Structure formats: structure tokens, C-alpha cells
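Engineer: Sequence first, predicted coordinates after that:
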Amino acid sequence: MTGHVCSPRAWRLIVALVGAAVLAGYLAHVAYFWPHINDDAFITFRYSRFLALGRGPHFNPGEHVEGYTNFSLMLLMAGFIHLFGPDDVLLAAKLTGAAGGIAAILAAWALCTRWLRQVESCAAAAPLVGWAAGAIVAADAAFALNSTTGLETTLFAAAIALGLWLDQKARDQRRWRGAGLLYAFGALTRPEGAGVFAAVALARLVTLDFVERPRRRALLLDLGIVAVFLAGHLTFRLAVYDGEWLPNTYYAKAGGFWKLTPTGYISGYAQRHLGAVLALLPLLAMIAGPRQLRNATLPALLVLVAAVGAIFAAGPDWMLGYRLLAPYTPVWAALAVCGLVMLLARLRVPRAGVTVGAAALVLLLAVWQAPTRVGYHEHVVTRAQGYRTGHRALARWLNRNASPGQTVALMDIGIVGYECIDLRILDITGLTDRCIARSPGEFLHKDFDPAYVLGQRPEFLVLVFTGPIEPGQIDIRNLQPWTPIEERIFESPDFARHYFRQRPVPRRAGMLKRLAAMIGAEAVFSHAHPGNIHYLLAVYRRADAAAPAEPGE
């Protein structure tokens, strides 16, 4: 690979135009998924809203349970709500996600460029070829989708990639460049951020960076910063959440989602987003690259290993778009481009051929993901409508029919909890409940006595029923509770005694009102769901509660 043939000014313009095109493509990709709504994001928002209201970072008054794992995002959204009110928090979180995505793409480019400059033959073309890494991130359907969830995924991705870039910059320049601040922010954004820094530190020890005094000082300074931030966060947790060393979500999600295995989760991501065999490209940077490139890329490679290992240790996630792996897309992309370039350089492909090869990799991955991208979009659009007619409609109904301080027990606690801010929310999945979280079993499959929930005498109890869609009707014989937890509650004698109120079926009423009468509920709300199934929110009221609830669909 030889130097570029145009003038330096023209070369910089070309690089800038390519970068602008990549970022524009990313924003268009984000807009494609913009309707996405994630109920779990509103769990964090409720903590933020409580903090902004002066009630402390809690989900329910008097219950000091840490049911979120994104401390920095919780604080950011609390500040937004305090300044601008609660109505536009989802928009603010989405814009934060998009900004994090842009930062992560820029970091992927900068990181890949700095790595390629470690190899003399690649140095001249590095700024242009490096944009292939940014383009892979911009074209990744999972990354774009996770930019719109309102959660911390892309913010965490930016912290990781920027931290690695500053870390490499410090190594090259033999002076501290602030990587520890990014690693510390990452550790406050997601718990596995501490593991990311541990992987980087291990790599620096393996490559003997500590031998040189300037690099040792930079590493020790980063270590000190991360340690101080982690100690501060831990002190906050111990003080605010009843002396708990770990967030409650750790116990609730231990073992992962009961319908998925770690191997299936990882292989599904590799097949849908990395083109299976292309997932191995980062290894070529270690195999085909010179020693200086191997030393430079080892921290990033160990970060990917740590990310995969964490899924085997803690279990997979259930959310659309592989939320546990998407943050590492920028790191993988930078490594993959380096691996491809090293392979082509070994084959003595000229500079123009290397640039074309990098562009072809981007195009291949973008086309490969087309079916997944379309599937994600259909899912997002369908469920966005479902949240309007289901969870938001349920929240409005509860605000009309419930009194402040009354308890609502349910599974999907996010939107309902955020919009019903003065109601106590009893989370039957355990994310914000210590007893359920520490019960044996995997997430949504916790084995606890239904008496724990029913014994708290919630005024309202919401169960989700599902079943195949039949044209023009809902056959109650085909309906069943969504989770084993809800099934045990529904079959409990106490539920039948205090909540089930079967009434005559009104002939001229709408389908949902008739269904509510048949299944003994006060009201039923339909949530559009992919897969040609009903997803029905049935709200039950305790028989000895206050006046009859207002009917509704």
C-alpha cells in the first residue's frame, strides 16, 4: 500500500466527505427504527422522575431497591426531567442514544485509523480505510435499533470505543490521554464496564507496557480513576439501597432469559449481524499483522472475549436487537477492518484494491442483514402501536380508576409505572422486588409462592394472556398466561377468591369488554404483537377494593 496520489487538501476533503456520508447513513438508519418503544427504558425513567421530584432514586416510596443498571443514564434523565418536565423524556433518551451512536462511530473510525498507522505500508490510506469500520457500525441493524430504545446501549458503546482510542493514543504518545475517565463513565453506565477496563489492563500487562515508565504511569492513573469512580458508586449503592453490594437486577436476571441459551444467543447474533464466518476477521489482525499491531489490538480483542464470557456467566438477554452484544460492534468493526487489511496486504493487493475490499465488506454486511433489518422494523412498528393501545391505555385507565398510594401488581412495569407515578408498582418479575429477584429460577421463570404477591393485597393485578389470532374473535380456550409466574398467580385459589369476577357477557359490547366479562377481569387492553398472536393485558380488581372501576377497553 503506497501513499495517496492527490494533494493533502483534496485527500482530507475525500476523507471528510466519506465520513459525512457514513454519519448521514447512520442517522437515516436510526430514523428507520425511530418508532421503537422499549418498556424497560421507562423503569429507569421512573427512577429518574422520582429523583427529580425529590423522592430519591427509588421506584416506590420507602422501597430502597436498585432496579436499574444504568446509573449515568438515570442521572442524565433525572436532570432532563427536572429542567424540562416528564413529558419528553423518551425523546431525550433517544437523542442521547443517537448522540452516543455518532460518538461510537467516530471512535471506531479513529481507533481503526490509529491501529492501521501502526503498519507503515497502511499508514497513508488509514484515514480513508478506517471509515469502513465506522460504516460497518452505521449499517448494523442491531446497533441502529439499540440507538432508539431509550436505554444506555450506544452510550456504553461510545464509552468503550472512545476509551480504547484514548488508551491507544496514550500508548503511542507515551503520556496519559484520559482513557480512565471514559472507562469510569462506562462502568457507571453498565456494570460490565468494570470488566472492560479489567480486560484492557490485563492486555497492557501481557504486552509489558508497564515496563516503560510513561506508559506505566498512564496505566496506573487510569486504574486510579476507575477505582475512585467504582468506589464512589459502590458507596452510593450501600448508602441508598439498604447496604446492598449488587443491583437488584443482578439477582432478577441471574441465569438469563429462560427461553434462550448463551450459545444460541451468541450464534444468533453472529449469523444475523456478522455473517457468521466474518465474525472471525478480528483474529486476522493478530495472526497476519506485525507485532506492533498485535500489541495494539490485544486490549480490544480481550474486551470482545470478556463480552462473550459475560453472557455465559450471567445469561442472555431477551430484548430485540441483541442488547448485550450491540455495544461491542464498534470494537469488532475496527478489528475486522484491520484483519481484512492485513490479509489483503499479505496477498500484496494494491492500495486501491484494499480500499475496494474494505468497501465490499461494508456492503456485504449491509446486504446480509437486510432480512433482519426488515424484520426488526416490522416488529418495532407493530409493537409501537401495541404500546399505545395496550400499556399506555392501561396507564390512563388506572389513573382514572385508582387512588394515589394504591398498589398495582404486574409484569410490564415500565410505561405503567412511569405514567402512574403516584401508584405503588409491585413488580412480579422481580426487577424492583428483592424477594422475587432472589427466588430460584431464571428471569420470568422465578419459582416463588403466589401468596407473596396476593398477600400484599394489591388493589389491581394485571396479567398478560396470549393466544393465536382468529379472525373477528378471541377464543378464550386458546388463551394462556404469558409467563409461568402469571400462570401460577392465575391458578391460585386466592386469586379466584379475591380477583376473579365473572359477569354476564354483554351482547352489544365490544370484543374486549366481552372478553373481560368472560375471564373475570375489569378490563382488557390489546397490545399488537408480532407473530400473529394476541397479547392481552387483563386488569383485575380486588373484590374488597373501593367502588367499581370505570369500564373501558
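Structural biologist: All right, it came through fine.

Engineer: got a list of what residue 429 touches?
Structural biologist: Going by Cβ atoms under 8 Å, 6 or more residues apart in numbering, residue 429 touches 252, 411, 413, 436, 443, 444, 446, 483, 485. Every C-beta, even on glycine, is put in place using the N, C-alpha and C of the backbone.

Engineer: what's the closest of those residues to residue 42?
Structural biologist: For those, the closest approach to residue 42 (Cβ to Cβ) belongs to residue 413, at 8.1 Å.

Engineer: where does the closest one land on pLDDT?
Structural biologist: If you check residue 413, the pLDDT there is 97.

Engineer: was I right about it contacting residue 430?
Structural biologist: No. The pair residue 413 / residue 430 is not scored as a contact, 10.5 Å apart, by Cβ atoms under 8 Å.

Engineer: When those two are compared, which one has more neighbours?
Structural biologist: Applying other Cβ atoms under 10 Å to residue 413 and residue 430 shows that residue 413 carries more neighbours, namely 28 against 25.

Engineer: so which of the contacts of residue 429 is the most crowded?
Structural biologist: Highest neighbour count within the contacts of residue 429: residue 413, with 28 neighbours (other Cβ under 10 Å).

Engineer: Now that one: phi and psi?
Structural biologist: With angles defined as degrees, to the nearest 10, residue 413 shows backbone torsions of phi -90, psi -10.

Engineer: now do the one 4 residues further on
Structural biologist: The phi/psi pair for residue 417 (degrees, to the nearest 10) reads phi -60, psi -40.

Engineer: Could you do residue 480 as well?
Structural biologist: Dihedral angles for residue 480 - degrees, to the nearest 10 - are phi -150, psi 150.

Engineer: tell me the contacts of the residue nearest to residue 494 when sequence neighbours are not counted?
Structural biologist: Of all residues beyond its chain neighbours, the one nearest residue 494 is residue 454 (4.4 Å), with distances taken as Cβ to Cβ, 6 or more residues apart in numbering. Neighbour list for residue 454: 461, 489, 492, 494, 495, 498 [criterion: Cβ under 8 Å, 6+ apart].

Engineer: can you rerun that using 10 Å?
Structural biologist: 409, 461, 489, 492, 493, 494, 495, 497, 498, 499, 542 (Cβ atoms under 10 Å, 6 or more residues apart in numbering).

Engineer: Now for residue 413 and residue 430: what residues contact both?
Structural biologist: Joint contacts of residue 413 and residue 430 (Cβ under 10 Å, 6+ apart) are residue 67.

Engineer: so where does residue 98 fall, helix or strand?
Structural biologist: Element membership for residue 98, per DSSP states H and E: helix 89-116.

Engineer: So which bits of that helix are buried?
Structural biologist: 89-90, 92-94, 96-98, 100-116 (16 or more other Cβ atoms under 10 Å).

Engineer: can you tell me the average pLDDT over it?
Structural biologist: Mean predicted lDDT for helix 89-116 stands at 97.

Engineer: Would you mind extracting the C-alpha trace of the helix or strand following it into PDB?
Structural biologist: Remark: after helix 89-116, the chain's next helix or strand is helix 126-129, criterion DSSP H and E. Written as PDB, here are the backbone C-alpha positions of helix 126-129 (Å, rounded to 0.1, in the frame of the first residue of the first chain):
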ATOM      1  CA  ALA A 126      -5.500   4.600   7.100                       C
ATOM      2  CA  PRO A 127      -7.900   7.600   7.500                       C
ATOM      3  CA  LEU A 128     -10.000   6.500   4.400                       C
ATOM      4  CA  VAL A 129      -9.900   2.800   5.000                       C
END
